[in-house]
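In: just coords:
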């Protein structure tokens, strides 16, 4: 999840134009995508990603990422989405912790939630997230949507890695230690 220094994953009106992306980040993103077996989305993020990564523009400016995004298995969680026309996509009406645990136990690579804060909160509620990768962009938005808006319990994390990018981005990798009620 990309966030601002003040903790927003999106600016007002779902603005993402401030994301600090460059060639170094692109190489990192491609390497990360190659480590993933399943990408999980909420409806809004799924529709935005499908629209962009299936476009001629995306295929022209970043063909490797476009291909990886298209060919990686995806699950979109939505109560209203009727069909998914992006290749390798399944729809689930709700998060079923037993299904996710079964999916996590399969051999293979990682399962990743991309840009879907509400979905991440649902996974946090069920203690289904093992690792958080938070990429802090070097700017303050002042307003927007907080990454953990709506969280109902404390979430204790352990910092396991820090990576600094040349453009000022900092990737913080945490493992989830425990959750407890406020």
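Out: Structure's in. What do you need? In this text the structure is predicted, and so the values were computed from the model without any measurement. Numbers count the residues shown, from 1 in each chain.
In: Hmm, residue 19 and residue 138 touching each other?
Out: No - if you go by Cβ atoms under 8 Å, residue 138 and residue 19 don't touch, sitting 11.6 Å apart. Backbone N, C-alpha and C define where each C-beta goes, glycine included.
In: Tell me which of these two has more neighbours.
Out: residue 19 (17 against 12; other Cβ atoms under 10 Å).
In: quick one: residue 6 and residue 149, what's the gap?
Out: According to Cβ to Cβ, to the nearest Å, residue 6 and residue 149 sit 13 Å apart.
In: Residue 36 pairs with what?
Out: Note on residue 36: beta-bridge partners residue 110, judged by DSSP bridges.
In: just checking, it touches residue 112?
Out: Yes - with contact taken as Cβ under 8 Å, residue 36 and residue 112 are classed as touching, separated by 4.9 Å.
In: quick one: contacts of stretch 52-72?
Out: 26, 29-30, 33-34, 36-39, 49, 86-88 (Cβ atoms under 8 Å, 6 or more residues apart in numbering).
In: Nearest the geometric middle of this protein, what residue?
Out: Within the chain, one residue has its C-alpha closest to the average C-alpha position: by Cα atoms, centre = their mean, that is residue 114, at 1.9 Å.
In: dump the residue contacts of that residue.
Out: With Cβ under 8 Å, 6+ apart as the criterion, the residues that contact residue 114 are 39-41, 45, 49.
In: What is the lowest-pLDDT residue among the residues you listed?
Out: For the contacts of residue 114, the model is least confident at residue 45; its pLDDT is 91.
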